[in-house]
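Trainee: Okay, sequence plus prediction incoming.
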Amino acid sequence: MTAKPPSPARRFWAFVRPHRKGLVVSVLAFLLASATEPLVPWLLKFVLDEGFTSEMSFPIWAVPLTLIGLFAARGLFAFSGAYMMNRTASRTVLDIRQALMRSVIRADAKLFSHMTPAEAVTKVVSNPHELTNLMSGALTTILRDGSTSIVMLAYLFYLNWRLTLLTLVVVPVLGVAVRLIHKRAKRLGTQAYDSQMRLVSVVDDIARAWRVVRTFDAGAWEAARFEREARHLQRMTLKNAASSALMSPVSQVVASVGLAIILTLALVQAQQQRATVGEFVAFITAMLLLISKVRHLTDVSQPVLSSLVVARGCFELLDVPPEPDGGTLSLDQCRGDISFDAVILQYDGAERAALNGFTLQVGAGQTIALVGASGAGKSTIVSALLGFVAPNRGHITLDGVDIQQLKKASLRRQFAVVSQDIVLFDGSLADNVIYASPRDEARLERSLRAANLWDFAVSQPQGLQTLVGANGSRLSGGQRQRLAIARALYKDAPIWVFDEATSALDTESERAVQQALEQWHGRKTLIVIAHRLSTVRHADCIHVLADGRVIEQGRHEELMALGTAYAAMVAAQHQ
Ligand SMILES: Nc1ncnc2c1ncn2[C@@H]1O[C@H](COP(=O)(O)OP(=O)(O)OP(=O)(O)O)[C@@H](O)[C@H]1O
């Protein structure tokens, strides 16, 4: 059983804690700023009392100087309080964002099957800011009105401790009412948060698939889908706000009960000649002031509640289990011998195994091809090789070592992969090739030339610094693929995997890439997956897959001579 995660408030505090010194300074500055407030009327009273007599006990210039000094001190304290509060808040936001991002980067791949990219953006970028803003706003109110409330309460005790103590009987009643409202507000707040995440995903879909939306003339349909979700969110937000807004009237009614009790008791006391009218008036005035301050304090509960809901939502990411690190062994640079031994692999929830007794031997430096109908299991082989999915049975080895014994990072270092769905980053051509490696101009040129993209790159006005747009939107399909190929080549890993990597290339580009790859033949292990069979005819061995296992294997000429599955596929493509 997994341990229950700490409450959102506790977690938030854990992020604020390292910056608590700044918070304390901010609180002190705010308190000092509010302590200067009574000094202004005091100064006026002093000037009026002392200054308008025949003998002044202070020089005239001292008055404007003290007044300006007082305001300057107040300004300084208020500024320092606000600055330190913002400093603490912004540093806390930074820490939360970093922790959330680390968690996403390390997360088990399952996370990405249910969290959309836009949800991740909201949780990592917006939520920490929103949460911290709400909390610091609430804290400022608590400091301002809380300190005055404490002073008022002390004054009330001083005036009449018995009556004050009696007033406090309403506190538990107020507590119960607040608890009930909180429970409802928390439930509604969570529903509103979930609804907001769904809305974010709808926007993500529409923005990402804008071409499809327009091609299918689905604008109205998407607008309706958006409106449904947006209206739901609006209703939930309103319900939540209404529920929180109940707090103020409920607390006032409860407070009025307290006030009624006091009034009655005070009148009874007065009847018995135990209190003067003056004392009574002073007491009631202080009490009314206290009630108004307490009302402000109860208003704070809404932002605090909302922030806890937001905190729960984004801190969920911290609980996502990280991807297991794999084994303990580390490989520096493997030779590139790969073997699959009777591997059975079935995805969670799938009806049948994607790999069903799959066996494969690849010698270091060989070029092998995997061909077969769609869904035969070719990409699953790549995922298994990279440790994204684990076999249910059988073994996969790299240079004779079971990959389960290797650390994931060490395993993945051995591969450069160009996958079916090209992913490019919103940077320049060069950034996309170098990606996360040290920059080496000669290697960059070599990779771009090998991918047949060099001429295009240097013909651009910005050259290698040409921006490719979001996910390479400014490039053609073939250019995107060639850029991904260049990135894989730049990585200079011992094993290259090209999963339908040249499907969008014209014949000339494809031939150029193939010729470039041939130069590495014998030095790199190359696994090519292709539907276009002309791409793989020169491979050292072609493995034909069906239903998760190899049904025939051999060189192109051998398989053609066999005249079975492969030959039939070739014939079909020549029709
Ligand atoms: N994440 C997944 N969860 C469940 N089933 C999956 C998952 N990925 C793939 N499959 C299933 O596993 C089988 C093999 O899929 P795989 O992607 O390996 O096929 P493929 O040979 O690469 O196909 P294609 O040529 O179309 O890319 C398919 O039946 C597919 O539906």
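Mentor: Looks like it arrived, so ask away. Numbering: from 1, shown residues only.

Trainee: which is the next helix or strand following whichever strand or helix holds Arg214?
Mentor: Taking DSSP states H and E as the definition, one finds Arg214 inside helix 210-215. Using DSSP H and E, the helix or strand that follows helix 210-215 in sequence is helix 219-245.

Trainee: May I have the phi/psi pair for Thr328?
Mentor: phi -110, psi -10 (degrees, to the nearest 10).

Trainee: just checking, it touches Gln404?
Mentor: No - under the criterion of C-beta atoms under 8 Å, Thr328 is not in contact with Gln404, lying 10.5 Å apart. For every residue, glycine as well, the C-beta is placed using N, CA and C.

Trainee: between those two, which one's more packed in?
Mentor: The residue with more neighbours, out of Thr328 and Gln404, is Gln404; 16 against 9, by other C-beta atoms under 10 Å.

Trainee: Just give me the neighbour total for Lys21.
Mentor: As a burial measure, Lys21 scores 10 neighbours (other C-beta under 10 Å).

Trainee: swap in Ala286?
Mentor: Neighbour tally, Ala286, other C-beta under 10 Å: 20.

Trainee: Which residue lies closest in space to the residue nearest the centre of the chain, excluding its sequence neighbours?
Mentor: Nearest to the mean C-alpha position of the chain, counting by C-alpha atoms, centre = their mean, stands Val124 at 2.5 Å. Closest residue to Val124 apart from its sequence neighbours, by C-beta to C-beta, 6 or more residues apart in numbering: Leu100 at 4.6 Å.

Trainee: In the host helix or strand of Ala177, which residues are buried?
Mentor: Taking DSSP H and E as the definition, Ala177 sits inside helix 170-208. Across helix 170-208, burial judged by 16 or more other C-beta atoms under 10 Å covers 170, 174, 177-178, 181-182, 185-186, 188-193, 195-197, 199-206.

Trainee: out of these, who's near the ligand?
Mentor: Among the buried residues of helix 170-208, no residue lies close to the ligand (C-beta under 6 Å from any ligand atom).

Trainee: what about the residue nearest to Val124, distance to the ligand?
Mentor: As judged by C-beta to the nearest ligand atom, to the nearest Å, Leu100 and the ligand stand 25 Å apart.

Trainee: Please, which helix or strand holds that residue?
Mentor: Counting by DSSP H and E, Leu100 is found in helix 62-106.

Trainee: Buried residues of the helix or strand harbouring Phe456, list them for me.
Mentor: Using DSSP H and E, Phe456 sits within helix 454-459. Neighbour-count burial for helix 454-459 flags Trp454, Phe456, Ala457 (criterion: 16+ other C-beta under 10 Å).

Trainee: Run the angle between the helix holding Ala177 and helix 219-245 for me.
Mentor: Relative orientation of helix 170-208 and helix 219-245, computed by axes from the mean of the first three to the mean of the last three C-alpha atoms, to 10 degrees: 170 degrees.

Trainee: wait, what's in contact with Thr190?
Mentor: Val309, Arg312, Gly313 (C-beta atoms under 8 Å, 6 or more residues apart in numbering).

Trainee: And for Gly522?
Mentor: Neighbouring residues of Gly522 by C-beta under 8 Å, 6+ apart: Gly365.

Trainee: Model confidence score at it, please.
Mentor: With respect to pLDDT, Gly522 scores 91.

Trainee: related to what we said a few turns ago, any chance of the contacts of Thr190 in CSV, plus distance to the ligand and neighbour count?
Mentor: Output for the contacts of Thr190, formatted as CSV (distance: C-beta to the nearest ligand atom, whole Å; neighbours: other C-beta atoms under 10 Å):
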residue, distance to the ligand, neighbour count
Val309, 32, 22
Arg312, 29, 19
Gly313, 26, 22
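
Trainee: Inside helices: which ones of those?
Mentor: Using DSSP state H, the members of these that fall in helices are Val309, Arg312, Gly313.

Trainee: Which of those sits closest to Met152?
Mentor: Val309 (31.8 Å; C-beta to C-beta).

Trainee: Assess the claim that the closest one and Leu188 are in contact.
Mentor: No - counting by C-beta under 8 Å, Leu188 is not a contact partner of Val309; they are 9.1 Å apart.

Trainee: Quick check: mean pLDDT of stretch 553-570?
Mentor: Mean per-residue pLDDT for stretch 553-570: 94.

Trainee: Do any residues in it lie close to the ligand?
Mentor: No - where contact is defined by C-beta under 6 Å from any ligand atom, no part of stretch 553-570 touches the ligand; the two come within 12.5 Å at best.

Trainee: Any buried residues in that stretch, and which?
Mentor: Buried-residue list, stretch 553-570, by 16+ other C-beta under 10 Å: Gln553, His556, Leu559, Ala565, Tyr566, Ala567, Met569, Val570.

Trainee: try stretch 142-156
Mentor: Quick answer for stretch 142-156 (16+ other C-beta under 10 Å): Ile142, Leu143, Arg144, Asp145, Gly146, Ser147, Thr148, Ser149, Met152, Leu153, Tyr155, Leu156.

Trainee: same question, stretch 335-347
Mentor: For stretch 335-347, burial by neighbour count (16+ other C-beta under 10 Å) applies to Arg335, Gly336, Asp337, Ile338, Ser339, Phe340, Asp341, Val343, Ile344, Leu345, Gln346.

Trainee: Residues contacting it, please?
Mentor: Taking C-beta under 8 Å, 6+ apart as the rule, stretch 335-347 contacts 352-365, 380-381, 384-385, 389-400, 414, 494-495, 524-525, 527, 548.

Trainee: Is that stretch positioned near the ligand?
Mentor: Yes - if you take C-beta under 6 Å from any ligand atom as the test, stretch 335-347 does meet the ligand, through Tyr347.

Trainee: quick one, domains of the protein?
Mentor: Split into domains by automatic domain parsing, the chain comes to 8-319, 420-492.

Trainee: Go ahead and measure how far the shortest one is from the middle of the chain.
Mentor: Looking back up the chat, that one is domain 420-492. 28 Å (C-alpha atoms, centre = their mean, to the nearest Å).

Trainee: Ends of it, what's the gap?
Mentor: By C-alpha to C-alpha, to the nearest Å, the extent of domain 420-492 from end to end equals 20 Å.

Trainee: Restrict stretch 143-159 to CA atoms and write it as PDB.
Mentor: C-alpha atoms of stretch 143-159 as PDB (Å, rounded to 0.1, in the frame of the first residue of the first chain):
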ATOM      1  CA  LEU A 143      -1.600  40.300   8.900                       C
ATOM      2  CA  ARG A 144      -3.500  43.500   8.400                       C
ATOM      3  CA  ASP A 145      -6.800  42.600  10.000                       C
ATOM      4  CA  GLY A 146      -5.500  39.800  12.300                       C
ATOM      5  CA  SER A 147      -3.200  42.100  14.200                       C
ATOM      6  CA  THR A 148      -5.900  44.700  14.800                       C
ATOM      7  CA  SER A 149      -8.300  41.900  15.800                       C
ATOM      8  CA  ILE A 150      -5.900  40.700  18.500                       C
ATOM      9  CA  VAL A 151      -5.400  44.200  19.800                       C
ATOM     10  CA  MET A 152      -9.200  44.700  20.000                       C
ATOM     11  CA  LEU A 153      -9.700  41.400  21.700                       C
ATOM     12  CA  ALA A 154      -7.100  42.200  24.300                       C
ATOM     13  CA  TYR A 155      -8.900  45.600  24.800                       C
ATOM     14  CA  LEU A 156     -12.200  43.900  25.300                       C
ATOM     15  CA  PHE A 157     -10.800  41.600  27.900                       C
ATOM     16  CA  TYR A 158      -9.300  44.600  29.600                       C
ATOM     17  CA  LEU A 159     -12.800  46.300  29.600                       C
END
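
Trainee: what's it in contact with?
Mentor: By C-beta under 8 Å, 6+ apart, stretch 143-159 touches 27, 30-31, 34, 163-164, 167, 279, 282-283, 286-287, 289-290, 293-294, 296-297.
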